[in-house]
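Q: Task: produce atomic coordinates for the following.
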Amino acid sequence: MADWPAFERQIFKKLIDRTKFVFEIREFRRSNTVLKQDFIQIACVSPEFTVGDIGAATELALAKFRDDCTLLRATERHDPIRWETERFSELQHALETKPDIICFSELAYPPPLPTDTDWTVEVLRSSIVRKLEFEKRVRDELMRWKSRAFLFLGSYHCLTTLYSVGVLFPWGPSFDPVDVYIHGERLGSNVPSQTTQIVPPIIYRKRFPARRVGEDTRVPSGQELNIFTREFGRVSLLICSDIVDLNQFLAVARRNRLTQKYDPIDILLIPSYNESRHLPLMCRELSSVAATTVVLVNANHLQTSFPKTDVFCCGLAIDDLNALQRGETPLVTANVSTVSHSNGRRSTLTTFSLNAPGVAKLRNELLMYLLRSETEHPLPENNITRAQI
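A: Presented below is the predicted three-dimensional model:
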């Protein structure tokens, strides 16, 4: 008789291991040291805005571009001044919580104007200046609060490059160059690791467009998994449907399971604009497979059709996590507040407080269980053949 459970474990283990041929790891760090911190504060901003199909009367609507790409572009209903004012107000409310991490949802970053599709010098200069002015305003506010929070400002569809672009300030307002350690086995085991420097903001390009809902942006040619080493932990990020990409899903799992080779990803952010009920399930599954904390930051929190912003740790939701403590300090606490804007629109600010030592203990217990399971049930040397069935 075939040992089907062993066969399944073997397949899963090989699938995880094969991601080393797909991704390079880019580790951003200014120090290798992660300090012990009792609590990690994560401020999640869920703005309210409307997105629609081609020709829809919404603020962002799909439109066809060159190379058969379909991107979201601002419509006549989009008010660029209002959009920036709302994001800035939400940032101020988030900073009041003194967070270690601030994460906006997908598509929260001020989108290009409809005229930004031309490649003229005037249009490109205007677009760049507007972007730099917004980011300077954000940076000045971080400095005013003396905040060094890891900041994901949201994403937008770039109408010139045709990518879905996320904007990160990993060390708050700092524009100082960041050391980037690049390594991996994608190009062969004999290729040496590299070290370079990048000046923030860090640009993240979404790799797995949500084609089922019409998004068809360009896909980056390189395959990179970005990890940011901060003093409170290691942070990584996947934008919305990137979590559906099995390669990226398993790359995170492989990184965290190789505890003797790599330091684990402590927090994985999933900024999203998504109505699928499957999204929270995938976040929960990844938190289990990778033995990590996954934070889903979804837009339109107040609309019932959108899954709520949430956090999962080692496969457990908040209520399940805190039930493990049996009267001790909760592993995760959540506080939800509303940010009201002058035009009547409302955004949601969800602040999670992670009990860092308790979460780390739970992760180590799960990793030990996974390792013990493989040790007690060793995989066969070769694939199961038809003769064994």
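Q: Would you map the strands across the stretch 1-150 of the chain?
A: Taking DSSP state E, counting those that start in this stretch, the strands of the stretch 1-150 of the chain run over residues 24-29, 39-46, 51-52, 60-64, 70-74, 101-104, 150-157.
Q: where in the stretch 151-300 of the chain is pLDDT low?
A: 187-191 (pLDDT under 70).
Q: any chance of the strands of the stretch 1-150 of the chain in JSON lines, plus distance to residue 226 and mean neighbour count?
A: Where you see a C-beta, it was placed from the backbone N, CA and C, and this is true even at glycine. As requested, those are exported to JSON lines (distance: least, C-beta to C-beta, whole Å; neighbours: other C-beta atoms under 10 Å):
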{"stretch": "strand 24-29", "distance to residue 226": "5", "mean neighbour count": "20"}
{"stretch": "strand 39-46", "distance to residue 226": "18", "mean neighbour count": "24"}
{"stretch": "strand 51-52", "distance to residue 226": "26", "mean neighbour count": "18"}
{"stretch": "strand 60-64", "distance to residue 226": "25", "mean neighbour count": "19"}
{"stretch": "strand 70-74", "distance to residue 226": "23", "mean neighbour count": "22"}
{"stretch": "strand 101-104", "distance to residue 226": "14", "mean neighbour count": "27"}
{"stretch": "strand 150-157", "distance to residue 226": "11", "mean neighbour count": "26"}
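Q: Let's have those strands in JSON lines, adding distance to residue 168.
A: Shown next, in JSON lines, are the strands of the stretch 1-150 of the chain (distance: least, C-beta to C-beta, whole Å):
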{"stretch": "strand 24-29", "distance to residue 168": "9"}
{"stretch": "strand 39-46", "distance to residue 168": "14"}
{"stretch": "strand 51-52", "distance to residue 168": "22"}
{"stretch": "strand 60-64", "distance to residue 168": "21"}
{"stretch": "strand 70-74", "distance to residue 168": "20"}
{"stretch": "strand 101-104", "distance to residue 168": "10"}
{"stretch": "strand 150-157", "distance to residue 168": "5"}
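Q: Report the contact partners of residue 265.
A: 227, 234-236, 252, 255-256, 290, 292 (C-beta atoms under 8 Å, 6 or more residues apart in numbering).
Q: Give me the three-state assignment for it.
A: coil (DSSP: H, G, I helix; E, B strand; the rest coil).
Q: Numbering from 368 from now on, please.
A: All set: I'll call the first residue 368, so the last point we hit is now residue 632.
Q: what about it, distance to residue 553?
A: Distance of residue 632 to residue 553, computed by C-beta to C-beta, to the nearest Å: 18 Å.
Q: and the residue nearest in space to the middle of the chain, backbone torsions?
A: Nearest to the mean C-alpha position of the chain, by C-alpha atoms, centre = their mean, lies residue 604 at 2.7 Å. Phi and psi for residue 604, reported as degrees, to the nearest 10, are phi -150, psi 140.
Q: can I assume residue 623 is in contact with residue 655?
A: No. Taking contacts as C-beta atoms under 8 Å, residue 623 lies outside contact range of residue 655: 10.9 Å.
Q: These two: who's more crowded?
A: Neighbour totals were compared for residue 623 and residue 655, and residue 623 leads with 25 against 17 (other C-beta atoms under 10 Å).
Q: which residues touch the more buried one?
A: 629, 631-632, 657-659, 734.
Q: go again using 7 Å as the cut-off
A: 631-632, 657-659 (C-beta atoms under 7 Å, 6 or more residues apart in numbering).
Q: same question, residue 601
A: 401, 594-595, 630-633.
Q: at 10 Å what do you get?
A: 394-396, 401, 594-595, 622-623, 629-635, 659 (C-beta atoms under 10 Å, 6 or more residues apart in numbering).
Q: Wait, a helix at it?
A: No. Under three-state DSSP, residue 601 falls outside any helix and is assigned strand.
Q: Tell me how far it lies from residue 575.
A: Residue 601 sits at a distance of 22 Å from residue 575 (criterion: C-beta to C-beta).
Q: that older thread, closest one to residue 648 out of the contacts of residue 623, please.
A: Nearest to residue 648 among these is residue 657, at 14.9 Å by C-beta to C-beta.
Q: Just the pLDDT at the closest residue to residue 415 other than its chain neighbours, thanks.
A: Spatial nearest neighbour of residue 415, excluding adjacent residues (C-beta to C-beta, 6 or more residues apart in numbering): residue 712 at 5.1 Å. Looking at residue 712, its pLDDT is 87.
Q: Quick one: residues contacting residue 712.
A: 414-416, 449, 453, 669, 706 are the contacts of residue 712 under C-beta under 10 Å, 6+ apart.
Q: where do the helices sit along this structure?
A: 371-385, 447-462, 488-511, 613-624, 645-656, 685-690, 723-743 (DSSP state H).
Q: I'd like those helices laid out as JSON lines, including distance to residue 430.
A: Shown next, in JSON lines, are the helices of the chain (distance: least, C-beta to C-beta, whole Å):
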{"stretch": "helix 371-385", "distance to residue 430": "37"}
{"stretch": "helix 447-462", "distance to residue 430": "17"}
{"stretch": "helix 488-511", "distance to residue 430": "16"}
{"stretch": "helix 613-624", "distance to residue 430": "27"}
{"stretch": "helix 645-656", "distance to residue 430": "25"}
{"stretch": "helix 685-690", "distance to residue 430": "39"}
{"stretch": "helix 723-743", "distance to residue 430": "43"}
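Q: Out of these, which one sits most buried?
A: helix 613-624 (a mean of 22; mean count of other C-beta atoms under 10 Å).
Q: Could you tell me the angle between that helix and strand 391-396?
A: With axes from the mean of the first three to the mean of the last three C-alpha atoms, to 10 degrees defining the directions, helix 613-624 sits at 50 degrees from strand 391-396.
Q: Figure out how far helix 613-624 is from the centre of its chain.
A: Offset of helix 613-624 from its chain centre (C-alpha atoms, centre = their mean, to the nearest Å): 14 Å.
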